[in-house]
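# take a look and give me a structure for this.
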Amino acid sequence: MSRSGYTIKRALLVVLGLDTLLLFTLLLTALLFGGDAAERAVFTIFFVPALFLFLECFFRRITVTEEGLTIRKFGRTKAFSWREVTRVGCLAVHKKVYLLLTTVNGLFVVSSAFGGFARLVEEIVDRVEPEKVEQDVRSRTASAGAGVAVVVPAWIAAVFMLAMILMKWYLFIV
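This is a model prediction of the structure:
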């Protein structure tokens with residue numbers, strides 16, 4: 001039995017984890033070193049969704065088998081067979097590409113943030129009946145970018161948060 005697993009790209013996971021850790025450090029710094037209530041609230045408001053986003057991406061996994069597809073997310077799993085797929089399409093927004101899988105159970109969206117996205121699309125398209133696949137799926141998904149559009153701003157945010165941490169610690173020491 002052939003089985004392939006796909007996860008979110010490591011470059012994105014690393015920077016999301018770093019951003020979450022830096023936000024936690026900022027929150028902890030505000031709590032321990034006498035930050036005011038507004039500062040603690042803002043860091044909490046940013047930290048909680050960042051933690052959830054990181055966990056969601058960390059646990060997200062797509063498994064392709066001969067029988068069907070399994071999509072695992074944080075705390076839930078969806079599985080369906082190939083004959084349940086009614087349509088395979090795609091949507092391109094700037095350099096981000098989404099594979100749209102319509103099934104009898106609903107719509108599933110697979111983003112190009114997955115490592116090996118072009119190969120994942122090929123595996124799905126090869127297993128679904130040809131009349132259910134839109135014509136431009138292969139061409140659009142093959143040109144999916146490397147995904148730096150999300151990673152670069154996340155690294156910039158990490159640099160700014162690190163600068164904030166260093167300034168807060170410097171002001172506390174002095």
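# how far out from the middle of the chain is the host helix or strand of Pro49?
For Pro49, the enclosing helix or strand under DSSP states H and E is helix 37-59. In terms of CA atoms, centre = their mean, to the nearest Å, the centre of helix 37-59 is found 15 Å from the chain centre.
# mind giving me the packing neighbours of the helix or strand that contains Ala149?
For Ala149, the enclosing helix or strand under DSSP H and E is helix 148-173. On a contact count with 3 or more CB pairs under 8 Å, 6 or more residues apart in numbering; DSSP states H and E, helix 148-173 meets helix 10-32. From N, CA and C alone the C-beta is placed, and that goes for glycine too.
# can you tell me what sits against the worst-scoring helix or strand of the chain on mean pLDDT?
Least confident helix or strand of the chain, by mean pLDDT, DSSP states H and E, is helix 137-142 with a mean of 76. Under the criterion CB atoms under 8 Å, 6 or more residues apart in numbering, residues 88-90, 92, 97, 99, 112, 117-118, 121-122, 125 lie in contact with helix 137-142.
# quick check: buried residues in the helix holding Pro49?
Residues 39, 43, 46-47, 50-51, 54-55, 57 are the ones in helix 37-59 that count as buried (16 or more other CB atoms under 10 Å).
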